[in-house]
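**Student:** everything below, folded, please.
(one chain, ligands or ions: 1)
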Amino acid sequence: MISKAESMTTLPETLAEKALRREAPTRTEAMAVLGGAEELLDVVAAGARVRRHFFGHRVKLNTIINMKSGLCPEDCSYCSQRLGSRTEILKYSWIPPEEAAEHADRAVRAGVKRVCLVASGRGPGDRDITRIENAIAAVKGAHPQVEICACLGLLTDGQAERLAAAGAHAYSHNLNTGEERYAGICSTHTFTDRVDTVRRAGAAGLSPCSGAIFGMGESDADIVDLAVALRELDPDSVPVNFLIPFDGTPLGNRWELTPERCLRILAVFRFFFPDVEVRLAGGREIHLRSLQPLALHLANSIFLGDYLTSEGQPGADDLRMIADAGFVVEGADEQTLPAARHDLVAIRRRGAGSDKPANA
Ligand code: SF4
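**Tutor:** Purely as a prediction, here's the structure:
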């Protein structure tokens, strides 16, 4: 006979049930997960149930190509490319489209589905958009099926539309940290600027990608606030980064994350974004360490290869980790997001009444 205590539903089970119905946790529930009230493995198991329901055992692979590195006029405290950074990173101006295509080709052959074309800076000028248009053409010339995501900073009028017309699939712009804390992390642009760019991308028909960086002194309440703010933007993908504390940046000595903390954060994000691509991003190797495979039970997407300015785990090790943990690399012909997230009605933005050519 089951006792009353045994028949009671636990918080992780409740959160899994809600997530399967696409209901977000309450603040109190999310804070309890972050605060450690529940056993870690119970939390991971509940998040894993949600992840399996919407994404099976597939892991989507993404790669970053840093099109232009360093020398940014902005001052984001976490960033090795920031104004005044003393981090000894590679610094260079725009790489040519052919070089981007070469990097993309290697990554696609290793199983990558999405290529993220990233450039440092506050935002692109019109010539920069042309550079990205050319890079998209070069990458897609060899691999038409590859998803291209652009990540170029703050967008102004018409730029997202140009990227969409050039064949970009997504635009990535992280909120990084909550609105309350934003001014303490960056003084050269605002949280609202970032929200505006994510909205512009979505309005232009680009798949919105927006996520966070943790390990910058945020409280549990801050983490929940950010999850709520991101959910309001309804992104298709949510990168979860863990701070890479670069020497030569203001946050260079911050090592506050533990593997358990990272897993609890990832679980909360899975509960807030049950059917969204939760992407395990920068810092996974140094903060999750030997618990990286457990994170695959929560995130359904990772970066393969290196990050913007730091090196990642060797790709072969990532592929082995995925296989060892019982997962499979998502194929090019497999749909990442569940069908319910795909809007079958595409608003016409070409042909009559627009400045773009018609479809036929
Ligand atoms: S995050 Fe982007 S905008 Fe901020 S300093 Fe780094 S490259 Fe510049």
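
**Student:** near the ligand, which residues of this protein are found?
**Tutor:** Contact residues, the chain versus the ligand (C-beta under 6 Å from any ligand atom): 72, 74, 76, 79, 81-82, 120, 122, 153. Any C-beta I mention is one placed from the backbone N, CA and C, and that applies to glycine too.

**Student:** which one of the residues you listed sits in the busiest neighbourhood?
**Tutor:** Highest neighbour count within these: Cys79, with 26 neighbours (other C-beta atoms under 10 Å).

**Student:** that one contacts Leu71, doesn't it?
**Tutor:** No. The pair Cys79 / Leu71 is not scored as a contact, 11.7 Å apart, by C-beta atoms under 8 Å.

**Student:** and the closest residue to the ligand within the stretch 201-350 of the chain, how many neighbours does it have?
**Tutor:** Nearest residue of the stretch 201-350 of the chain to the ligand (C-beta to the nearest ligand atom) works out as Leu308 at 7.9 Å. Counted with other C-beta under 10 Å, residues neighbouring Leu308 total 21.

**Student:** tell me the pLDDT at it?
**Tutor:** With respect to pLDDT, Leu308 has a value of 90.

**Student:** which ones are touching His287?
**Tutor:** 215, 242, 257-259, 262 (C-beta atoms under 8 Å, 6 or more residues apart in numbering).

**Student:** that one: what secondary structure?
**Tutor:** What DSSP: H, G, I helix; E, B strand; the rest coil gives for His287 is helix.

**Student:** among the residues of the chain next to the ligand, name the ones in helices.
**Tutor:** Nothing among those maps onto helices, per DSSP state H.

**Student:** now do the SS call for the spatially most central residue of the chain.
**Tutor:** By C-alpha atoms, centre = their mean, the mean C-alpha position of the chain lies nearest to Pro239, the distance being 2.0 Å. Following three-state DSSP, Pro239 is assigned to strand.

**Student:** can you pull the contacts of it?
**Tutor:** By C-beta under 8 Å, 6+ apart, the residues touching Pro239 are 172, 174, 209-212, 279, 281.

**Student:** just the ones in strands from the residues you listed, please.
**Tutor:** Secondary structure assignment (DSSP state E) places 172, 209, 212, 279 from those within strands.

**Student:** residue in the stretch 101-250 of the chain with the shortest distance to the ligand?
**Tutor:** Counting by C-beta to the nearest ligand atom, the stretch 101-250 of the chain gets nearest to the ligand through Ser120 (3.7 Å).

**Student:** I figured that residue hits Leu71, correct?
**Tutor:** Yes. Counting by C-beta under 8 Å, Ser120 touches Leu71, with 6.7 Å between them.

**Student:** quick one: common contacting residues for these two?
**Tutor:** By C-beta under 8 Å, 6+ apart, Ser120 and Leu71 have these common neighbours: Gln81.

**Student:** the helices in the stretch 51-200 of the chain, which residues?
**Tutor:** In the stretch 51-200 of the chain, the helices defined using DSSP state H, counting those that start in this stretch lie at 97-109, 126-142, 159-166, 179-185, 191-203.

**Student:** tell me which of the ones you listed sits most buried.
**Tutor:** Ranked by mean neighbour count, the helices of the stretch 51-200 of the chain are led by helix 159-166 with a mean of 22 (mean count of other C-beta atoms under 10 Å).

**Student:** contacts for that one next, please.
**Tutor:** Helix 159-166 has contacts (C-beta under 8 Å, 6+ apart) with 123-124, 126, 129, 132-133, 136-137, 150, 171, 200-201, 203-206, 349-350, 356.

**Student:** how about a cut-off of 10 Å?
**Tutor:** Helix 159-166 is touched from outside by 117, 123-126, 128-130, 132-137, 140, 148-150, 152, 155, 168-171, 197, 199-207, 349-350, 354-357, with contacts defined as C-beta atoms under 10 Å, 6 or more residues apart in numbering.

**Student:** that one to helix 126-142, inter-axis angle?
**Tutor:** Here helix 159-166 runs at an angle of 20 degrees relative to helix 126-142 (axes from the mean of the first three to the mean of the last three C-alpha atoms, to 10 degrees).

**Student:** please shift the residue numbers so they start at 823 in all later answers.
**Tutor:** Let's use 823 as the start, then, which means that last one is helix 981-988.

**Student:** give the rounded mean pLDDT of helix 981-988.
**Tutor:** Computed over helix 981-988, the mean pLDDT rounds to 97.

**Student:** any idea how far that helix is from the middle of the chain?
**Tutor:** Distance, stretch centre to chain centre, for helix 981-988: 20 Å (C-alpha atoms, centre = their mean, to the nearest Å).

**Student:** sounds good, over and out.
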